[in-house]
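**Q** Sequence plus the predicted model coming up.
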Amino acid sequence: MQTLGYYLTEAPLSKGKFMAKTLPVNIFNDDEFISEMIRGNTGLSVNDIKATLKTLVVTAGRLLSKGNAISIPNFMRISPAVKGNFESENDSFMPRMAC
């Protein structure tokens with residue numbers, strides 16, 4: 001079993017401080033992830049898992065697009081992020097769902 005790989009890089013908002021960035025061992029696509037879930041003897045069918053994952057993604061996207069964060073202990077913590085280039089601090093953007 002491989003351990004979590006990481007490297008340290010300077011924190012962008014804290015000069016002289018560092019933060020860890022992870023190096024994934026593998027990147028699972030949806031079919032591989034579902035296969036791992038089934039291998040864990042969940043008792044769920046592939047279609048049940050796909051429907052549940054789709055609901056999770058759609059619901060999270062809807063909540064995030066409204067400016068909400070989601071925090072579910074031992075599962076995930078996500079919040080909306082704005083990415084892009086802006087010409088000035090007065091620029092604006094049109095939000096759109098990434099999902």
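**A** Looks like it arrived, so ask away.
**Q** residue ranges for the strands of this structure, please.
**A** Using DSSP state E, the strands of the chain run over residues 5-10, 18-23, 70-72, 76-78.
**Q** and residue 51, how far is that from residue 26?
**A** Between residue 51 and residue 26 the computed distance is 25 Å (Cβ to Cβ, to the nearest Å). All C-beta atoms are positioned from the backbone trio N, CA, C, and that covers glycine.
**Q** Look at those two and report which has more neighbours.
**A** The residue with more neighbours, out of residue 51 and residue 26, is residue 51; 12 against 6, by other Cβ atoms under 10 Å.
**Q** per-residue confidence at that one?
**A** Looking at residue 51, its pLDDT stands at 95.
**Q** now do residue 9
**A** Model confidence at residue 9, given as pLDDT, is 90.
**Q** Could you list the buried residues of stretch 54-66?
**A** Neighbour counts over stretch 54-66 (16 or more other Cβ atoms under 10 Å) mark 60, 64 as buried.
**Q** so who does the residue nearest to the spatial centre of the chain touch?
**A** Centrality entry for the chain: nearest residue to the mean C-alpha point is residue 78, 6.6 Å, by Cα atoms, centre = their mean. Residues near residue 78 by Cβ atoms under 8 Å, 6 or more residues apart in numbering: 60, 64, 69-70.
**Q** Among these, which pair sits farthest apart?
**A** Greatest spatial distance in those: 60 and 69, 10.3 Å, computed using Cβ to Cβ.
**Q** residue ranges with poor pLDDT in this structure?
**A** Along the chain, the model assigns pLDDT under 70 to residues 1-2, 94-99.
**Q** mind listing the helices for it?
**A** 30-39, 46-65 (DSSP state H).
**Q** Compare the ones you listed and give me the one nearest residue 6.
**A** helix 30-39 (22.1 Å).
**Q** how about that closest one: buried residues?
**A** Of all the residues in helix 30-39, those buried under the rule 16+ other Cβ under 10 Å are 34, 37.
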